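Visitor: A structural model of the following input is requested.
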Amino acid sequence: MRASTIISLILASVLAILAVIGVRGWLADQRERIALTEQQRTNEDMKTIVVAKTAMRFGERITAEKLDVIPWASPNLPPGSFSKVEDLAGTTEETARFVLASMEQGEPVLSSKVTTPGQRAKLSTALSPGMKAVSIRVNDVLGVAGFVLPGDRVDVMLTRANMNDDEEAYVDVLLQGVKVLAIDQIADDRKDQPSVVQTVTFEVSTEEAQKLTLGATVGTLSLALRNVVSADIEDSERMTLDELSVTAASAELARAQAEAQAQAEAEARAAEQQLIEEQAAKLAALEQAIQSLGSDVAGKLQSVEENVAGRLQSVEENLTTRTEPVVVEKEVVKVVEKLVEVAPPAPEYVSVGIVRNGQREEYRVNHSQDE
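Guide: Numbers count the residues shown, from 1 in each chain. Now for the predicted structure:
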């Protein structure tokens, strides 16, 4: 091989290696640029949101120590949220904010749960637009034994009776699904311990406020606690004493029928159990009788076997001890022969001689006919 050819191959290899190294370096640089661009774009798109660093309750003043800022991956922030702590934590009385609705740790702080700058956390700030706050007096029975708490929803019932005529007493469902704002002077909706209270404050419309006020004046108001997710409005009718009596009679009849059915079922089960026990007792007695009979038969068979065995043993002993020969008598049978004369049989035809006129004539006559 020529030297020029070898040199050409070496140069080509070196150039190829340099080209590969250059391409790899360029690709690595492009990857870094793309990654840096994506990171910058992500940082630009990444938003922040202010959350509660600790649990906050109704009436608390919001400070920077109670707030935290976390990244929010979604491009859309919740309505009413805040991006900076400075927007919430005011340093003066004119810019201070207070909690209207309790918040747990890590929960986003929304404008609907805090007051406006400089506004105190009062019950009026927790009212929805156009709604009123009305309080009624209750006791441990009318107030569902203290289990009605802020944030619950209840039905308000009106009981009214004529002082002169008890027959005109009735109960109406006055309001349904009314929101409880406060009990006594407590408006914290995260209060979870029941307590007997004297007043309950509701969030109602103007018309509902009129009904509550009039109902508390003319009758007795009582509360019925609703399920936390129940929002249905039921069609209710007035309950009177007559309807209560009918309802009570129907309930008593249903109870009596249920008791009678339960008693009948119990008696049927008892009779069935007694029948089963009687059958079991009869079977046990029959088995005992069969066992007793088997024992008697076995005893008798054993007695017979013992008796037969004893007799056989006695006979064997007698045969063994007897020395004289045993004579066996035989019966003698005599045979007597007697000769009996037997008459010859009569001939079928006989000859008869008849003498006529001095002459003898013979005739053959059938012997059987003559007889």
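Visitor: Please make it C-alpha for all contacts and neighbour counts, starting now.
Guide: Fine.
Visitor: Look up the closest residue to the residue nearest the centre of the chain, ignoring the ones flanking it.
Guide: In the chain, the C-alpha closest to the average C-alpha coordinate belongs to Asn227, at a distance of 22.7 Å (C-alpha atoms, centre = their mean). Leaving aside its sequence neighbours, Asn227 sits nearest to Arg153 (C-alpha to C-alpha, 6 or more residues apart in numbering; 7.7 Å).
Visitor: what's the burial count for the one you found?
Guide: Arg153 is surrounded by 25 other residues when neighbours are defined as other C-alpha atoms under 10 Å.
Visitor: OK, contacts around it?
Guide: Taking C-alpha atoms under 8 Å, 6 or more residues apart in numbering, we find Arg153 in contact with Gly177, Val178, Lys179, Val180, Leu225, Arg226, Asn227, Val228.
Visitor: Return the subset of the residues you listed lying in strands.
Guide: Gly177, Val178, Lys179, Val180, Leu225 (DSSP state E).
Visitor: quick one: which of these is nearest to Val365?
Guide: Within the ones in strands among the contacts of Arg153, proximity to Val365 (C-alpha to C-alpha) peaks at Leu225, which comes in at 149.3 Å.
Visitor: Just to check, the closest one is in contact with Val154?
Guide: Yes. With contacts counted by C-alpha atoms under 8 Å, Leu225 reaches Val154, the gap being 4.5 Å.
Visitor: more neighbours, those two?
Guide: When Leu225 is set against Val154 and neighbours are counted by other C-alpha under 10 Å, the residue ahead is Val154, at 23 against 17.
Visitor: how distant is the longest helix that the chain contains from the center of its chain?
Guide: Taking DSSP state H as the assignment, the helix of the chain that covers the most residues is helix 241-321. Relative to the chain's own centre, helix 241-321 is displaced by 39 Å; criterion: C-alpha atoms, centre = their mean, to the nearest Å.
Visitor: avg pLDDT for it?
Guide: Computed over helix 241-321, the mean pLDDT rounds to 80.
Visitor: picking up where we left off before, ChimeraX command for the buried members of the contacts of Arg153?
Guide: In ChimeraX, a selection of the buried entries from the contacts of Arg153 looks like this (16 or more other C-alpha atoms under 10 Å):
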select :177,178,179,180,225,226
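Visitor: Among the contacts of Arg153, give me the pair with the biggest separation.
Guide: Using C-alpha to C-alpha, the contacts of Arg153 reach their maximum pairwise distance at Val180 and Asn227, which is 13.2 Å.
Visitor: could you point out where the stretch 51-200 of the chain is predicted with low confidence?
Guide: Scanning the stretch 51-200 of the chain with the threshold set as pLDDT under 70 gives 121, 140-143, 145, 163-167, 186-195.
Visitor: Pro117: neighbouring residues, count only.
Guide: 17.
Visitor: Can you classify it as helix, strand or coil?
Guide: Here Pro117 is coil, with the state taken from DSSP: H, G, I helix; E, B strand; the rest coil.
Visitor: Number the chain from 59, please
Guide: Sure, I'll start numbering at 59, so the last one becomes Pro175.
Visitor: can you map out the helices along the stretch 159-308 of the chain?
Guide: Taking DSSP state H, counting those that start in this stretch, the helices of the stretch 159-308 of the chain run over residues 264-276, 299-379.
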